[in-house]
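# have a look at this prediction, sequence included:
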Amino acid sequence: MISHRMIRKLRRVLFWLVMFLWISTIVCYWSYVAVSYVRSSQDSVHSDVVKRDSPVTEAPEVKCKPVECNCETSKREEKEVDQPIKPATEKPPMPKTNYPLVELKSYIPNFYTKLPDSEKHRVNQNTSIVFVHGQKASATMKGCLRLVQKSLPYAAAAPEVVYDDIVAQFYRDHAGPSTSLGKFYYGEATFGVCELSHGHKPCAYFTVLREPYERAASLYDFCRTEGNLKERICNLWNFKSISVTDYAKALGSHVFAHILYNPKICTGRFDNRVNEALHAVGKADKIDMSRRAFCWYRHKAFIDHHLTKEEKDKLLNYVLENLQNWFAVIGIFEEFAVSLELIENAFAAPFKKCSMWKRNPFEEKRTQQQRNDRTSFKTQLMSDRKVYEALYYDLRIYDEAMKIFHLQKAKFFSR
């Protein structure tokens, strides 16, 4: 029989045995946790080493091959990112049409939207400046150029006029590669003059455009009251009998024809085709066939008679795509003062002095009735579908010119 003393001893043994097991369990648990932590740390370090030393499966985007990329390349690429992006030099391809289109190669692209800052030094006192004239949009620019020429701080030849009667002689005089251009040119046949620079000096075009309906109404009003025989664009019609809508349809897209200017159309090269077009189109346009058609109208008749609508649309798209390439500055008649600022800044010449030329004596002496007539003429034009079709190409060009004008303003005023 077990005594009470033995029972107490057994209890003590059991107690210490349980305590030993409990402590052992705790020690084993924390030992396991510690070992696991050490192993996971080693695995993490090892995986990092593997990632650094093993090949990269997804290469970062680089402009050179991985074996060629070095510190110098990276630094050079970082610098290039900060440089202004130069405009694309690729020109839209010339459309294939039945029109003898001249490919222009000598010009300075738009000073504000196309020409990089690093190349703006090309526009300097040696640059020839050619004004592409738009009827009833910028006649005052002729006097303006004379004023600018006299105000230049350096010597420059007087502005030269290029118009119908001297086109053939002008191009003959400048045909040789040894000839060079003067400083200023203006007139009815100037688009293409820069091709005569023969690479001797930079040459830039600029123009000032007017809203086509307003321009047609203004020109009709002027021709019937003031300039019937004085202005070349007036003397093909009898303004006592022609209506404003018939005149606008005959006038058509004047700027479009002017930009497509080819001197050979006016100097005898295409006389057979031009005369055919004049007889076909002139009768419908109610022109005085006894008078020699001026250069611009010869282009207009050629386009209307010999080209399909599809061909004219191709030429229009070609013009729209190239406006910023061909013209260093595009001004807008309705914003004449700002246009002068843009032109002056681009050419470093005092064009703002010409703000006085916006005051047209013909406009100042008009009566209120005559101003009301002008408004009536424009209303008639805008309500005639045939007039819209006749002015369509100029309307598209004017819309694009307005977009370019606002881009120029934004660049100019954000300096």
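Yep, that arrived.
# thought Glu211 was touching Leu381?
No: contact between Glu211 and Leu381 fails when scored by CB atoms under 8 Å: they sit 11.0 Å apart. For glycine as for every other residue, the C-beta is placed from the backbone atoms N, C-alpha and C.
# in terms of neighbours, single out the busier of the two.
Leu381 (23 against 19; other CB atoms under 10 Å).
# secondary structure element for that one?
Using DSSP states H and E, Leu381 falls within helix 368-382.
# got it, and Val319?
helix 309-326.
# one more: Arg291?
Short version, using DSSP H and E: Arg291 is in no helix or strand.
# what does Asp394 give?
helix 385-413.
# what is that helix packed up against?
strand 203-209, helix 212-225, helix 244-251, helix 254-259, helix 309-326, strand 327-332, helix 336-347, helix 368-382 (3 or more CB pairs under 8 Å, 6 or more residues apart in numbering; DSSP states H and E).
# please repeat the previous calculation with a cut-off of 7 Å.
helix 212-225, helix 244-251, helix 254-259, helix 309-326, strand 327-332, helix 336-347 (3 or more CB pairs under 7 Å, 6 or more residues apart in numbering; DSSP states H and E).
# show me what the longest one is packed up against.
This points to helix 309-326. helix 254-259, helix 385-413.
# out of those, which gets nearest to Val244?
If you check each of the helices and strands packed on helix 309-326 against Val244 by CB to CB, helix 385-413 wins as the nearest, at 8.9 Å.
# could you give the angle of that closest one to helix 244-251?
Comparing the axes of helix 385-413 and helix 244-251 via axes from the mean of the first three to the mean of the last three CA atoms, to 10 degrees yields an angle of 70 degrees.
# between helix 336-347 and helix 385-413, find me the angle.
Using the same axes, to 10 degrees: helix 385-413 against helix 336-347 is 50 degrees.
# what's the most buried one of the helices and strands packed on helix 385-413?
strand 327-332 (a mean of 27; mean count of other CB atoms under 10 Å).
# and that strand, how far from the chain's centre?
Taking CA atoms, centre = their mean, to the nearest Å, the mean C-alpha location of strand 327-332 is offset from the chain mean by 9 Å.
# quick one: low-confidence residue ranges for the stretch 151-300 of the chain.
227-231 (pLDDT under 70).
# before we move on, the earlier item: could the helices and strands packed on helix 385-413 be laid out in a markdown table, adding distance to Gly199?
Formatted as a markdown table, the helices and strands packed on helix 385-413 follow (distance: least, CB to CB, whole Å):
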| stretch | distance to Gly199 |
| --- | --- |
| helix 212-225 | 35 |
| helix 244-251 | 37 |
| helix 254-259 | 23 |
| helix 309-326 | 17 |
| strand 327-332 | 17 |
| helix 336-347 | 20 |
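# of these, which is nearest Leu14?
Taking CB to CB, helix 309-326 is the member of the helices and strands packed on helix 385-413 nearest to Leu14, at 100.7 Å.
# other residues contacting that closest one?
Helix 309-326 is contacted from outside by 91-92, 94-95, 97-99, 104, 107, 109-110, 113-114, 205, 256, 259-260, 303, 330, 393, 396-397, 400-401, 404, using CB atoms under 7 Å, 6 or more residues apart in numbering.
# give me the buried entries from these.
95, 97, 99, 104, 107, 109-110, 113-114, 205, 256, 259-260, 303, 330, 393, 396-397, 400-401, 404 (16 or more other CB atoms under 10 Å).
# tell me, what residue is most central in this protein?
Centroid-nearest residue in the chain, with CA atoms, centre = their mean: Gln324, separated by 2.6 Å.
# once you drop chain neighbours, what's closest to that residue?
If the residues on either side of it in the chain are set aside, Gln324 comes closest to Asn110, at 4.4 Å by CB to CB, 6 or more residues apart in numbering.
# that neighbour in helix, strand or coil?
Using DSSP: H, G, I helix; E, B strand; the rest coil, the structure places Asn110 in coil.
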